[in-house]
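J.: Take a look and give me a structure for this.
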Amino acid sequence: MMANLFSSFDPSANWNTSANWTSTILGFLLIPSTFWLIPSRMNILWNLITNTLHKEFKALVGPTSKGPTIMFISVFSMILYNNSLGLFPYIFTSTSHLLLTFSMALPLWLSFMLYGWMNNTIHMLAHLVPQGTPPLLMPFMVCIETISNLIRPLTLAIRLSANMIAGHLLMTLLGNTGTLLSNTTLTILLITQIMLLTLESAVAMIQSYVFAVLSTLYSSEVN
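T.: Predicted structure coming up:
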């Protein structure tokens with residue numbers, strides 16, 4: 001039995017093991033082999049999505065860069081898959097845990113910073129002082145820009161996990177009150193739950209897109 005409501009977001013809350021993390025690789029069993037062999041409707045739809053994302057990321061990174069767009073599309077795909085999988089009952093939402101989101105955000109941000117400071121040091125120093133800043137405010141702007149740069153991986157991780165937790169927590173709170181309601185109120189509750197589930201589906205797509213776009217913007221600043 002769970003000690004508190006937030007224990008539902010603990011990957012070891014149910015089986016006393018970390019086996020719930022297997023949901024992150026469950027997609028390899030669910031995706032049919034025909035997806036990779038013939039141009040099915042799912043394949044055509046996914047190719048359309050990836051091509052659209054490639055054009056958007058290419059505009060952010062630069063017209064001569066092709067490799068980074070593939071990496072960011074892969075990040076988008078992984079987050080979207082895990083967010084969508086968490087909408088099913090009794091499946092742990094791995095992206096609601098800071099351990100996963102921070103493990104994705106920190107290496108991305110750290111690699112961008114290392115590349116930028118090693119290859120474009122002057123460009124990175126120029127980013128610390130916005131253009132047109134008065135000389136008196138330059139030390140303060142350097143401190144502010146440095147802090148805002150250092151907390152980027154944390155904000156990426158918290159934004160994703162908090163949005164995943166908030167919707168699931170609200171649905172759990174409403175669902176636990178179902179046994180205490182009358183038939184009329186229960187009908188309204190079911191309609192509300194369906195609307196929340198639709199909203200959570202949209203949030204799952206939006207948050208994966210936001211994570212990928214912000215990562216792309218951070219990478220474009222080091223060039």
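
J.: helices and strands of the chain: which one has the lowest mean pLDDT?
T.: Ranking every helix and strand in the chain by mean pLDDT, DSSP states H and E puts helix 34-37 at the bottom, with a mean of 62.

J.: which secondary structure elements does whichever helix or strand comes after that one contact?
T.: Per DSSP states H and E, the first helix or strand lying C-terminal to helix 34-37 is helix 41-61. If you count contacts as 3 or more C-beta pairs under 8 Å, 6 or more residues apart in numbering; DSSP states H and E, helix 41-61 packs onto helix 34-37, helix 67-85, helix 183-220. C-betas here are computed from N, CA, C, even on glycine.

J.: centre of the chain versus helix 41-61, how much separation?
T.: 17 Å (C-alpha atoms, centre = their mean, to the nearest Å).

J.: so where's the chain shaky on pLDDT?
T.: Counting by pLDDT under 70, the chain shows low-confidence ranges at 1-21, 27-38, 63-67, 223.

J.: Of all the helices and strands packed on helix 41-61, which one comes closest to residue 113?
T.: Comparing these by their distance to residue 113 (C-beta to C-beta), the top pick is helix 183-220, with 8.9 Å.

J.: how distant is the closest one from the center of its chain?
T.: 12 Å.

J.: for the helices and strands packed on helix 41-61, which one ends up most surrounded?
T.: Most buried of these by mean neighbour count (mean count of other C-beta atoms under 10 Å) is helix 67-85; its value is a mean of 19.

J.: residues making contact with it?
T.: 23-24, 26-27, 50, 53-54, 57-58, 61, 91, 93-95, 100, 104, 108, 160, 164, 201, 203-205, 207-209, 211-212, 215-216, 219 (C-beta atoms under 8 Å, 6 or more residues apart in numbering).

J.: How about stretch 133-140?
T.: Stretch 133-140 has contacts (C-beta under 8 Å, 6+ apart) with 129, 141.

J.: ends of it, how far apart?
T.: Taking C-alpha to C-alpha, to the nearest Å, stretch 133-140 runs 10 Å from one end to the other.

J.: if we can go back for a sec, turn the helices and strands packed on helix 41-61 into a markdown table, including distance to residue 150.
T.: Compiled in a markdown table, the helices and strands packed on helix 41-61 are given as follows (distance: least, C-beta to C-beta, whole Å):
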| stretch | distance to residue 150 |
| --- | --- |
| helix 34-37 | 41 |
| helix 67-85 | 21 |
| helix 183-220 | 12 |
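
J.: Quick one: closest of the ones you listed to residue 155.
T.: helix 183-220 (8.6 Å).

J.: Compute the inter-axis angle for the closest one and helix 41-61.
T.: With axes from the mean of the first three to the mean of the last three C-alpha atoms, to 10 degrees defining the directions, helix 183-220 sits at 50 degrees from helix 41-61.
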